[in-house]
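Participant: any chance you can model this:
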Amino acid sequence: MEDGYSFQPLTEEENAIFRKHFIGEDPDAKLVKIVDSNNDYILTVNEKFKEVSHFFTSLKLREDDVWIITSPKCGTTWTQETTWHIMNNVQLQRTQERLFDRSPFLEMGVMRSSDPNAAEEMIRKLDDLPS
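Facilitator: As a prediction, the model looks like this:
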């Protein structure tokens with residue numbers, strides 16, 4: 001990974017803690033951690049992220065982008081839905097549309113698919129979204 005970040009395997013202890021708290025996650029998924037140049041922990045990700053991380057680091061950012069950043073299992077979906085409605089004047093009829101299409105979850109393409117093309121397609125869709 002570029003910019004002074006690297007991937008490292010989880011220790012047995014870190015893996016056990018993760019598996020204890022994230023019940024239902026794929027037990028066969030190989031997890032790695034991202035650390036900075038000081039070896040400080042940043043994030044735990046599926047190892048598949050290594051293959052597609054360049055898509056995320058090259059994502060086109062816009063001044064009016066809104067980022068929803070939550071801790072795992074702390075209401076990400078609720079926060080996405082609420083934020084989307086606040087920003088779009090509560091258009092209840094549009095709740096029939098998939099939330100992912102209205103408020104993309106960046107990591108989902110990597111978490112649910114081992115296909116690098118899926119991540120590339122997701123980034124392409126994000127770039128095409130209106131501001």
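Participant: what's the neighbour count on the residue lying closest to residue 46 once chain neighbours are set aside?
Facilitator: Using CB to CB, 6 or more residues apart in numbering and skipping residues adjacent in sequence, the residue nearest residue 46 is residue 29, 5.3 Å away. C-betas here are computed from N, CA, C, even on glycine. Residue 29: 15 surrounding residues under other CB atoms under 10 Å.
Participant: what about residue 47, neighbour count?
Facilitator: As a burial measure, residue 47 scores 15 neighbours (other CB under 10 Å).
Participant: residue contacts, it?
Facilitator: Under the criterion of CB atoms under 8 Å, 6 or more residues apart in numbering, the contact list for residue 47 reads 7, 29-32.
Participant: quick one: residue 51 and residue 31, what's the gap?
Facilitator: Relative to residue 31, residue 51 is positioned 15 Å away (criterion: CB to CB, to the nearest Å).
Participant: only whichever of the contacts of residue 47 are buried, select them in ChimeraX.
Facilitator: Selecting only the buried members of the contacts of residue 47 in ChimeraX, with burial defined as 16 or more other CB atoms under 10 Å, works like this:
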select :31,32
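Participant: which entry within the contacts of residue 47 corresponds to the minimum pLDDT?
Facilitator: Least confident of the contacts of residue 47 in the model: residue 29, at 72.
Participant: ok, so what distance separates that one from residue 47?
Facilitator: Noted for residue 29: a distance of 8 Å to residue 47, by CB to CB.
Participant: how about residue 56?
Facilitator: Here the distance between residue 56 and residue 47 works out to 15 Å (CB to CB).
Participant: what strand or helix carries residue 39?
Facilitator: Using DSSP states H and E, residue 39 maps to neither a helix nor a strand.
Participant: okay, and for the chain, where does confidence drop off?
Facilitator: Residues of the chain that meet the criterion pLDDT under 70 lie in 1-3, 23-28, 107-116, 131.
Participant: try 50 this time
Facilitator: Where the chain drops to pLDDT under 50, the residues are 1.
Participant: can you pull out the strands in the protein?
Facilitator: Using DSSP state E, the strands assigned to the chain run over residues 6-9, 31-35, 41-46.
Participant: look at residue 122 and say how many residues are nearby.
Facilitator: 22.
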